[in-house]
Every structure is written in structure tokens, then in C-alpha cells.
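Trainee: After the sequence you'll find the predicted model.
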Amino acid sequence: MGYMGSGKSVLGQKIAQKLNYSFLELDTYIANKEKESISYIFKIKGEIYFRKMESTLLKEILNFNENCVISLGGGTPCFGDNLKSIKEAKSATSIYLHATIKELSTRLFKEKITRPIISHIKTKEELVDFIGKHLFERSFYYNQADILIKTDLKTPDQLTQEILKKLF
């Protein structure tokens, strides 16, 4: 878990590969089930519909009987009883990929066009404010993860090794 741009998908894939686990990105799973993009679901069906679907499918995934690394959406642990479901899952270990506002804004400003929630933001300063507000709201949830990993100034390979050491 972590904010968008924190490395959830990249690191999730690397960890899954190292452990010979399957990898599942929750947003992709939702989009495939709905046969629509996440931005379309938000725009046409609304955030409440999306969050209900997200919660239902998260619980479904947590009950899979296979070894799997799951990359959550940035808001997943912050809505409904999703964090409780994660923490109560029998064999789940939650990991918070903590990146600073400065690091996130640097990463996300380059790719804001591909991220509907921030595509309207014009300047890096506006993005810093946007991320800061979200992190303030979400940090309560993120910080309840079993493991916290600080991602700034580390390569994906370094972070993969750090996560594996903390897991085993």
C-alpha cells in the first residue's frame, strides 16, 4: 500500500517474481471485472460505486488460496473496512511504501497526463499541495501497515531486497 507513484506496481511485480508468487494489481483486477477503465468507472458510475466494488473484490482476493502479492490502489486502505480486512486476512502482510511529498511530486508530475485524478493540475506547486493534503488524510491508514519501507533515493532492486529481508 502507499500513495500513487510510491512504487506499488513495480515493487509488487519484483517481489512476486522473486518469491515465485502471482501478482495482482487491484485496480487492474477491478477494471477487468467491470470491463471498463478505472477513470470511466469513477466518471460514469461514481466513486461510491467504485469503492463498494473495490471493497468486495479486495475481500474476494484476500480469500484466494494461493500465494499472491497484491498492489492496492492508493486509496484502498482508507475506505470502508478495507484496512480491517487486510489486517485480519490470515496470511497477509501489509507493506507501506512511504515516499516523501517531494519525491512523489517529482515522479507524478512527469506522468500526470496518465493519472486522471491529477491530470488537471497545472504546476508542480499545485501537485505538492494536492499530494500533501491526500497524504495527511491517508497517513493514519498507511501507517498501520505491518512493515514500513522508505522509498526515497533507493532503486527498485534495493527496495526489493529490503522488503524481502523484512518479510523473512
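Mentor: Arrived safely, thanks for sending. Just so it is clear, the structure is predicted and the values come from calculations on it, not from any experiment. Residues are numbered from 1 along each chain as shown.
Trainee: tell me which residues in the longest helix along the chain are buried?
Mentor: Among the elements of the chain assigned as helix by DSSP state H, the one spanning the most residues is helix 124-142. Within helix 124-142, the residues that qualify as buried are 127-128, 130-131, 134-135, 138, 141-142, counting by 16 or more other Cβ atoms under 10 Å. From N, CA and C alone the C-beta is placed, and that goes for glycine too.
Trainee: any idea of the mean pLDDT in the helix or strand just after that helix?
Mentor: On the C-terminal side of helix 124-142, the closest following helix or strand by DSSP states H and E is strand 147-150. For strand 147-150, the mean per-residue pLDDT is 98.
Trainee: Kindly report the same for stretch 78-90.
Mentor: The average pLDDT within stretch 78-90 is 95.
Trainee: about what we covered before: what's the longest helix of the chain packed up against?
Mentor: helix 101-110 (3 or more Cβ pairs under 8 Å, 6 or more residues apart in numbering; DSSP states H and E).
Trainee: Correct me if wrong: Asn82 contacts Leu57.
Mentor: No. Using Cβ atoms under 8 Å, Asn82 is not in contact with Leu57, being 10.5 Å away.
Trainee: Who has more neighbours out of these two?
Mentor: When neighbours are counted by other Cβ atoms under 10 Å, Asn82 comes out ahead of the other of Asn82 and Leu57, with 23 against 17.
Trainee: what's the spacing between the more buried one and Leu104?
Mentor: Distance of Asn82 to Leu104, computed by Cβ to Cβ, to the nearest Å: 21 Å.
Trainee: Equivalent analysis for Lys166, please.
Mentor: Using Cβ to Cβ, Lys166 is found at 22 Å from Leu104.
Trainee: Looking at these two now, which is surrounded by more residues?
Mentor: Leu104 (25 against 13).
Trainee: how long is stretch 10-29 from one end to the other?
Mentor: Distance across stretch 10-29, first residue to last, is 16 Å (Cα to Cα, to the nearest Å).
Trainee: Can you pull out the low-pLDDT segments for this protein?
Mentor: Scanning the chain with the threshold set as pLDDT under 70 gives no residue ranges.
Trainee: Can you show me the strands along the chain?
Mentor: For the chain, the strands identified by DSSP state E occupy 22-25, 68-71, 95-98, 147-150, in order along the chain.
Trainee: Same list (those) but as JSON lines, adding mean neighbour count and distance to Asp157.
Mentor: Supplementary listing: these in JSON lines, determined by neighbours: other Cβ atoms under 10 Å; distance: least, Cβ to Cβ, whole Å:
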{"stretch": "strand 22-25", "mean neighbour count": "16", "distance to Asp157": "17"}
{"stretch": "strand 68-71", "mean neighbour count": "22", "distance to Asp157": "16"}
{"stretch": "strand 95-98", "mean neighbour count": "22", "distance to Asp157": "15"}
{"stretch": "strand 147-150", "mean neighbour count": "15", "distance to Asp157": "13"}
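Trainee: Sounds good, over and out.
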